[in-house]
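Engineer: Would you be able to build a 3D model of this:
(6 chains)
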Number of protein chains: 6
Amino acid sequence: MARSIVAITAHSGDFVWRAGGALALAASRGDSVRVICLSFGERGEAQGLWKKPGMDMETVKRVRREEAEAAAEALGVQVDFYDLGDYPLVVTDEARDRIVSTLRELQPDTLLTHVANDPYNRDHNIAHETSLATRMVAQAMGHDPGTTPIGATQVQMFEPHQPEVCGFVPNMLLDITPVFDRKRKAMEVMSAQHHLIDYYTELGKRRGVQARRNGAPGDVVHAEAYQRVFPVVGDELV
Amino acid sequence: MARSIVAITAHSGDFVWRAGGALALAASRGDSVRVICLSFGERGEAQGLWKKPGMDMETVKRVRREEAEAAAEALGVQVDFYDLGDYPLVVTDEARDRIVSTLRELQPDTLLTHVANDPYNRDHNIAHETSLATRMVAQAMGHDPGTTPIGATQVQMFEPHQPEVCGFVPNMLLDITPVFDRKRKAMEVMSAQHHLIDYYTELGKRRGVQARRNGAPGDVVHAEAYQRVFPVVGDELV
Amino acid sequence: MARSIVAITAHSGDFVWRAGGALALAASRGDSVRVICLSFGERGEAQGLWKKPGMDMETVKRVRREEAEAAAEALGVQVDFYDLGDYPLVVTDEARDRIVSTLRELQPDTLLTHVANDPYNRDHNIAHETSLATRMVAQAMGHDPGTTPIGATQVQMFEPHQPEVCGFVPNMLLDITPVFDRKRKAMEVMSAQHHLIDYYTELGKRRGVQARRNGAPGDVVHAEAYQRVFPVVGDELV
Amino acid sequence: MARSIVAITAHSGDFVWRAGGALALAASRGDSVRVICLSFGERGEAQGLWKKPGMDMETVKRVRREEAEAAAEALGVQVDFYDLGDYPLVVTDEARDRIVSTLRELQPDTLLTHVANDPYNRDHNIAHETSLATRMVAQAMGHDPGTTPIGATQVQMFEPHQPEVCGFVPNMLLDITPVFDRKRKAMEVMSAQHHLIDYYTELGKRRGVQARRNGAPGDVVHAEAYQRVFPVVGDELV
Amino acid sequence: MARSIVAITAHSGDFVWRAGGALALAASRGDSVRVICLSFGERGEAQGLWKKPGMDMETVKRVRREEAEAAAEALGVQVDFYDLGDYPLVVTDEARDRIVSTLRELQPDTLLTHVANDPYNRDHNIAHETSLATRMVAQAMGHDPGTTPIGATQVQMFEPHQPEVCGFVPNMLLDITPVFDRKRKAMEVMSAQHHLIDYYTELGKRRGVQARRNGAPGDVVHAEAYQRVFPVVGDELV
Amino acid sequence: MARSIVAITAHSGDFVWRAGGALALAASRGDSVRVICLSFGERGEAQGLWKKPGMDMETVKRVRREEAEAAAEALGVQVDFYDLGDYPLVVTDEARDRIVSTLRELQPDTLLTHVANDPYNRDHNIAHETSLATRMVAQAMGHDPGTTPIGATQVQMFEPHQPEVCGFVPNMLLDITPVFDRKRKAMEVMSAQHHLIDYYTELGKRRGVQARRNGAPGDVVHAEAYQRVFPVVGDELV
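Structural biologist: Alright, predicted model coming up:
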């Protein structure tokens, strides 16, 4: 049965580098996948662009948007751009309401977002807090009574750049081998951060080795690491 | 496909109170389930018996063993008694070798055991350490080369009596509704600790409510809480 | 000597379910007990009401208020309603000033509030932060110089719904046996959340068993769990 | 009503520096106070003595013993010397049995010991573990049936030399002002570690300032910090 | 080579009590040292002044400013006053922009600030968050393109008043012996908080003793404790 | 001035994979570097060898020893083999005494070892505990009075295979670029674990990228991550 996945991310590149595999995997299975990009990362995550002479904000945002759209197409997912500004990201009441509406419309089984405490990048924390807060509002019976509250959606945190310093402890290693070519293709369109492609390719292999060390089959090559916020419920002790 | 489950527990009642649901659930699906009881809990967990006049150690151990066997039958599982003494539990090299042999023979998919740090009961910690240590030896290619090493078996910690004080944070709530009658029956044969039956019945309901709050279907009534030691590997982000 | 207790809570039911015993106990001893309800929980904690046809916000708030008043009466405590909205709770500067005034007026010995980090419910965190922030302002010599600063009031966090996931580690188990009938009566008037009565009754018993395990007398039946924010000071090592 | 206090310490100076105030306070109220010194700290905590020419082990142990006895007299407490060796401390089965017998005889209300994890000094950890393990055995109904099991004795950890590095978080600041002169006198007889007197005098003042900051009366001058292992039970929310 | 140090502090006394040694040390070596005082601590940290009859806010702020300037002169550092109000401290967008400009201008090698979570004083947390947030913005290539982004500036947290309760774990003990006279002189001009001079003098000695215990030379008498937010990078394993 | 480095490791490959860069770096500067290999990892860390037909324990140990010697030569360091057995590693009193003697002889400035809690591999924990315990004994004035006690040697933990699961949080990223060719060469002689060469080469690059993100110069390519047990002492706030 098709599932619904929503990722709430601070900057327009985050869904590619950090969760591209999970998103492509879901899309490849026919799940609905929506990415909410709160900003284009236009100020803080577009070094490649700003080094070009004569660059201006509108151009950076346009290029970042085009690249994110191309990457989303490569992954098979759909992106909503909120254009809330970055460094710092400022999430307005209106933006929160829009997220809540989207959550109610899409009824996600799983939410993806950043960790709670990244000392390098406070926008990530704001995206995390926004995810938990909008999830809570979207669950409220008394909010916008004509629409349908969401259930107890799981929240998965994807891997930050320096996991240990951010208190990230993965409790899931997701096999993304079958869709790694899609993630690679998506990474390649992110021209402003080209230096990260090898880094995340190697990280995928590293997490893949760790997955095999934790019991994954021998043909698992690439993996992404995730940490759940809530306990899972299940009917089998695995 | 049938799975193999091994529980390594300090005292002969632990597998009933703390993990009876998980074990009965696995057994009901045709899984192989083996319980390793390191001691009878004869000194520290048999208050009901010691209050009887004229009680002696051999009788306590015999009664505890008979009760554990009856409980195991109710759950549909098999028990190995190691009789290593309790309060304190002392795990000998020989006992560790026996556990390693059993792990290699049974090739468990999942190990169940106590938490790492229970300030109330150091025997629980010793059982935890023994589980991790014997798992490690059972994985070693160079140990007893004629037998087959185990893989990267997951270790699930079951709930201690006072979870917060023991640092227990559940990341799985297991639906044991379909087999709760078996767990109840198993609890009822534990005459030496009869006062715990209501306590664990209510705990099962409490964890059931929490499971529903975390997304379990509405017909989940009883649950048990577990905390994994290692990350899971998977091919779907749930 | 009569003491002064103030509870700062997010939603109008919180003081009943989570701290009703402590509040009734204090009231029964002649302590002054004031509850500050920051919202009615009208959107997020009134499922029972919203399921009724034709329900509207004003009615929900009115019913929640009436129920909270009746519960407060059963417990013997007084409630201030702030009506700041829930899901999300928004604490205005004006509301903070009002809380500070109340703290200065009542000179509490103990503040009760939520935990710092509840991933399920960010309103709880906001109430926690509000408690620490208003306590700080109420201590400031230079704030509203005509009134009397409070001292180093202890802050006690009451138990969240899923304690382990919220990082709650109780360091006090409070015997509420003598007033449990009052708490029960207070819970029974909370019609919008009737399903919680058994849950919290059983939780009280569970904490009571744990209290006895930690040295409480045998006649302790019901308890509530608390975690202090600050160290206690004392003249006896207990 | 007189209480019973037992301190289990690694080296013969520990009870003076770290808990002398608490012990003198209890003694001054008529409580029974017993200190179990597992070693004389003869190898690792007697620098002052070893710097003297021609020093030998027996002399060091004798001097340390005499000093500890004199300090105990100043505090008004009684000491049992176990002479198990230090650096590393080795606790034998026989020693554990002796401790259990003492616990059963004295029926302590409170146990004092070291923290669980002191990276500077593993003897401290061993004393902590010994305290929890012997407490557990002393509680067991089936251990030495002719004697009386102890109840749920609280364990208080006293302050290590470098508290933050040892994970020590005080949750009690004990006013030792009324007996500080006794602690000072006891410290002064510890000739082998004379350099610590000022250090612990100032630490007492520092903890006293903090106690006042946490609500202690203005006449509290000296305090000692403690961290409890188990939750307290009580009938008043303080 | 001269370095650049910036301290971002909540109240005008913080840089003296908590980091005066580090600042004086840097200044004595010819480093550039700038202190950003977000408020005068006029409401919450000027008890001495408010106890005088007829005191008013402007006078308190003026005195606090004069004292901070005199202390800064004693330490050899320069202070920027932001006058944002205290208890609670409110950091405006404009103030954040001013900090970012200062960071870009001064290109600090090290930032000093408060801990992330001080339950006693939420202004400290706000200063911490402001430091991480403005550091992030100052790094962004796309922010104010005509100015120069800062690099990966280390953030050092100085010691809070009650370190263990604030989760402070020092990983650096800084020898301030050569400049302790300057710190002492700076402390002595802080008339509103005179009672703290002995406290921080003794704390300096205590950290000095601990520094020697951790390997500092025997002539280290006074030290200050710091905790880094980010890993250090180095070319020697020390 | 030449420094002295000692690494205490569980299995004979550990010093190569996990700390080869740090050791080669020190050696290249003329420091004394000694590796204490507690076992050959003959049972648990020699999969490549055990897969060969007719393999036996003596051959495995011999090959592991030869490889470790060749790797040590490539790094420029000296190795002591203790041959204590692995899976599980058993550290005898005699072995501890031998380590203490070596520490006293070499007077290390820095000790390297494993993390305290690796759930995958309890031998690592035992090596960690052994390091702290022998460091403590080597510091004791009263131990083996004719020899010279060591000072407050820093202990650096090197990176485990799955850092987050082991609670490893690096606080130092060491630039090993100048000696990476030596580490590579050392890794290449470890025939029994050839599959790890690429893994650790890529890990070195990943830590190098992170080092640059934390302020290392742009020519840092390879790094190793370390976590200190004790605070550093210093005379400059960096």
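
Engineer: Show me what residue of chain A gets nearest to chain D.
Structural biologist: A:G167 (16.5 Å; Cβ to the nearest Cβ). Yep, even glycine has a C-beta here, placed from its N, CA and C like the rest.

Engineer: Got the confidence number for that residue?
Structural biologist: At A:G167, the pLDDT value in this model is 97.

Engineer: Hmm, A:V115 and it touching each other?
Structural biologist: Yes: here A:G167 reaches A:V115: they are 6.8 Å apart, a contact under Cβ atoms under 8 Å.

Engineer: Contact residues of chain A facing chain E?
Structural biologist: A:42-44, A:46-47, A:50-51, A:55, A:57, A:60, A:86-88, A:119-123, A:165 (Cβ under 8 Å from any Cβ of the partner chain).

Engineer: Look at A:G167 and A:V115 and report which has more neighbours.
Structural biologist: The neighbour comparison of A:G167 against A:V115 (other Cβ atoms under 10 Å in any protein chain shown) goes to A:V115, with 21 against 15.

Engineer: Just the helices from chain A, written as ranges.
Structural biologist: Secondary structure of chain A by DSSP state H: the helices cover A:14-28, A:47-50, A:57-75, A:93-106, A:122-139, A:180-188, A:196-213.

Engineer: would you turn these into a markdown table with mean neighbour count and mean pLDDT?
Structural biologist: Output for those, formatted as a markdown table (neighbours: other Cβ atoms under 10 Å in any protein chain shown; pLDDT from 0 to 100):
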| stretch | mean neighbour count | mean pLDDT |
| --- | --- | --- |
| helix A:14-28 | 27 | 98 |
| helix A:47-50 | 18 | 89 |
| helix A:57-75 | 19 | 97 |
| helix A:93-106 | 17 | 98 |
| helix A:122-139 | 24 | 98 |
| helix A:180-188 | 20 | 97 |
| helix A:196-213 | 20 | 95 |
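
Engineer: Which positions in chain A make contact with chain B?
Structural biologist: Checking chain A against chain B by Cβ under 8 Å from any Cβ, the hits are A:5, A:22, A:25-26, A:29, A:109-110, A:112, A:151-154, A:156, A:170-175, A:210-211, A:213-216, A:220, A:223, A:225-226, A:228, A:230-238.

Engineer: Among those residues, which are located in strands?
Structural biologist: A:5, A:110, A:112, A:154, A:156, A:172-175, A:223, A:225-226, A:228, A:232-234 (DSSP state E).

Engineer: Closest to C:M190 out of the residues you listed?
Structural biologist: A:V233 (26.4 Å; Cβ to Cβ).

Engineer: For burial, what's the neighbour tally of the closest one?
Structural biologist: 23.

Engineer: what pLDDT does A:L237 get?
Structural biologist: pLDDT at A:L237 comes out at 87.

Engineer: Ramachandran angles for it?
Structural biologist: Here is the backbone geometry of A:L237 (degrees, to the nearest 10): phi -90, psi 90.

Engineer: With adjacent residues omitted, what lies nearest to it?
Structural biologist: B:A22 (4.7 Å; Cβ to Cβ, 6 or more residues apart in numbering or on different chains).

Engineer: Which residues are in contact with the one you found?
Structural biologist: Residues near B:A22 by Cβ atoms under 8 Å, 6 or more residues apart in numbering or on different chains: A:L237, B:I5, B:L112, B:Q156, B:F158, B:L174, B:I176, B:E224, B:Y226.

Engineer: min pLDDT across those, which one?
Structural biologist: Among the contacts of B:A22, A:L237 has the lowest pLDDT, at 87.

Engineer: Does it touch B:I5 like I think?
Structural biologist: Yes: counting by Cβ under 8 Å, A:L237 does reach B:I5; the two are 7.2 Å apart.

Engineer: Now do the shared contacts for those two.
Structural biologist: Contact criterion Cβ under 8 Å, 6+ apart; residues shared by A:L237 and B:I5: B:A22, B:A26, B:T110, B:L112.

Engineer: B:G151 is in contact with the third one, correct?
Structural biologist: I take that to be B:T110. No: between B:T110 and B:G151 there is no contact under Cβ under 8 Å: 11.4 Å.

Engineer: Neighbour count for those two, which is higher?
Structural biologist: B:T110 (22 against 15).

Engineer: Indicate which one of the helices of chain A is closest to E:A68.
Structural biologist: Short answer: helix A:122-139, nearest of the helices of chain A by Cβ to Cβ, at 28.0 Å.

Engineer: Just checking the closest one against chain F, any contact.
Structural biologist: No: with Cβ under 8 Å from any Cβ as the criterion, chain F is not reached by helix A:122-139; the gap is at least 14.3 Å.

Engineer: how much does that helix deviate in direction from helix A:14-28?
Structural biologist: Counting by axes from the mean of the first three to the mean of the last three Cα atoms, to 10 degrees, helix A:122-139 lies at 40 degrees to helix A:14-28.

Engineer: Contacts only, for A:I176.
Structural biologist: Counted by Cβ under 8 Å, 6+ apart, A:I176 has contacts A:G21, A:A22, A:A24, A:L25, A:K183, A:G204, A:H222, A:A223, A:E224.

Engineer: Nearest spatial neighbour of the fourth one, chain-adjacent residues omitted?
Structural biologist: For A:L25, ignoring the flanking residues on the chain, the nearest one in space by Cβ to Cβ, 6+ apart is A:V179 at 5.0 Å.

Engineer: Quick check on A:D118: phi, psi?
Structural biologist: phi -110, psi 110.

Engineer: Which residue is it, in chain A, that comes closest to chain C?
Structural biologist: Closest to chain C within chain A is A:G142: 3.4 Å, counting by Cβ to the nearest Cβ.

Engineer: ok, that residue to chain B distance?
Structural biologist: Distance of A:G142 to chain B, computed by Cβ to the nearest Cβ, to the nearest Å: 18 Å.

Engineer: Would you enumerate the residues in contact with that residue?
Structural biologist: C:E42, C:R43, C:G44, C:A46, C:W50, C:M57, C:V60, C:Y87.

Engineer: If we use 7 Å, what do you get?
Structural biologist: A:G142 makes contacts with C:E42, C:R43, C:G44, C:A46, C:W50, C:M57, C:V60, as judged by Cβ atoms under 7 Å, 6 or more residues apart in numbering or on different chains.

Engineer: which non-adjacent residue is nearest it?
Structural biologist: In space, A:G142 is closest to C:R43, 3.4 Å off (Cβ to Cβ, 6+ apart).
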